[in-house]
Structure formats: C-alpha cells, structure tokens
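Student: Next one to model:
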Amino acid sequence: MHIAPDGPTIDGLTFRDAVDADVDTLVALVESAYRGDSSRAGWTTEADILEGQRTDPEGVLAVVRSPDSRLLIVERDGAVVACCQLEHRGTHAFFGMFAVSPALQGAGLGKVIIAEAERLAQETWGVTEMHMTVISVREDLIAWYERRGYRRTGETTPFPYGDERFGVPQRDDLRFELLAKPLGQPLA
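Tutor: Below you'll find the model as predicted:
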C-alpha cells in the first residue's frame, strides 16, 4: 500500500510516499539535518562526531524503489519539511532516515511524524514492533526516543569505519544501538 500524492494531512502536515523525482530534495534534507554547519541550527546534528556525507542519491533511490520499504515525505504548505524510512522486516518495521528541517526542529513535528510512521507501519504490514538504530553516543537523541516509548535493547552493531558512505568519524567509539518499541500499546 502506498500513500497517494495527496496523502493524509495531520496537524497541517501532508504525508506521501517518495518517488524518484524526490531523491535530490531528500538527500539535501537529510544532509542539512545531520551534517555541516547548516545542521547546527537544529539539535539532531552529528557534525561534531561525523563529517562527510550522511547519505547519497543512490542510497535514497534504493529505498524509494525497494518493495519492502516506504520513504515518507512530509510536507507543509507544499514544501518538504521532513522524511522517514519504514522497512518491513517480518514482525517488526525498521524506522530510519528520519530528518526534520533544522529550522523547524524543536517545534513538535518529530512527535507527530513518528506517531504517524508507527501507525502506517502497523496498518501497512501488521507489525507489532518498531526498531531503529541510533549512534550510541547520541544520548540526547536516545532520550527523545525513550520519551516516545522506545527502549534500549542493549544490542549494538559496529559503526562501519572506513566506509565513507556513512560519513567520516571524528572519534573511535561509535557504534549503533538498537532501540525498540511495541506498537499498539499506549505509553505508560
């Protein structure tokens, strides 16, 4: 199931599935939210721990075209303000490539977007849990997800040092930590 170009509107935000023509816009959005000086306008910046790219057109296009993924675009007044990836993985969905325009971070958009992503994952695939990975040293970001009902699982995977498609690390202690949230249950 895919959302039509005029998908649902929630709190003034319109959600739709990305298409090939959106790739350059999405790469620019993700880069602006995580890398370089522009990312410092928001609180999700990784500029102090990683340099180089966060994603590339090939990677974004692969997600857009994958039959088991959805790359959601979030628009306000016709402008792209955020995006996130949902990938079906059996009984759970993976949440990734989450980016909100740095100028709009801290205004509550993230809460609305992640809640809609969780709802869509359940509706589309019938999954019972959402998973994501976060760089383990991003304590502020992990705490934000914990306030949304995600829990630290204790499972980690190594950061892909030497693969510049994921950026150029500025420290040697990076790893990805798995966070998980049961879906369909109210927050405690």
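Student: switch to C-alpha atoms for all contacts and neighbour counts from now on
Tutor: Fine.
Student: for this structure, what spans make up the helices?
Tutor: In the chain, the helices defined using DSSP state H lie at 23-34, 36-39, 57-65, 109-125, 139-147.
Student: Please name whichever of those helices is nearest to Leu174.
Tutor: Taking CA to CA as the criterion, helix 139-147 is the member of the helices of the chain that comes nearest to Leu174, at 12.3 Å.
Student: angle of that closest one against helix 109-125?
Tutor: Interaxial angle, helix 139-147 versus helix 109-125 (axes from the mean of the first three to the mean of the last three CA atoms, to 10 degrees): 50 degrees.
Student: one step back: could you single out the most deeply buried of the helices of the chain?
Tutor: Mean neighbours per residue, mean count of other CA atoms under 10 Å, is largest over the helices of the chain for helix 23-34, with a mean of 21.
Student: hmm, who's touching stretch 172-188?
Tutor: 118, 122, 127-137, 148-159 (CA atoms under 8 Å, 6 or more residues apart in numbering).
Student: hmm, back to that, could I get the helices of the chain as CSV with mean pLDDT?
Tutor: Formatted as CSV, the helices of the chain follow (pLDDT from 0 to 100):
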stretch, mean pLDDT
helix 23-34, 85
helix 36-39, 52
helix 57-65, 90
helix 109-125, 94
helix 139-147, 93
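Student: Now distance to Pro182 too, for these, in CSV please.
Tutor: CSV is the format used below for those (distance: least, CA to CA, whole Å):
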stretch, distance to Pro182
helix 23-34, 27
helix 36-39, 31
helix 57-65, 24
helix 109-125, 10
helix 139-147, 12
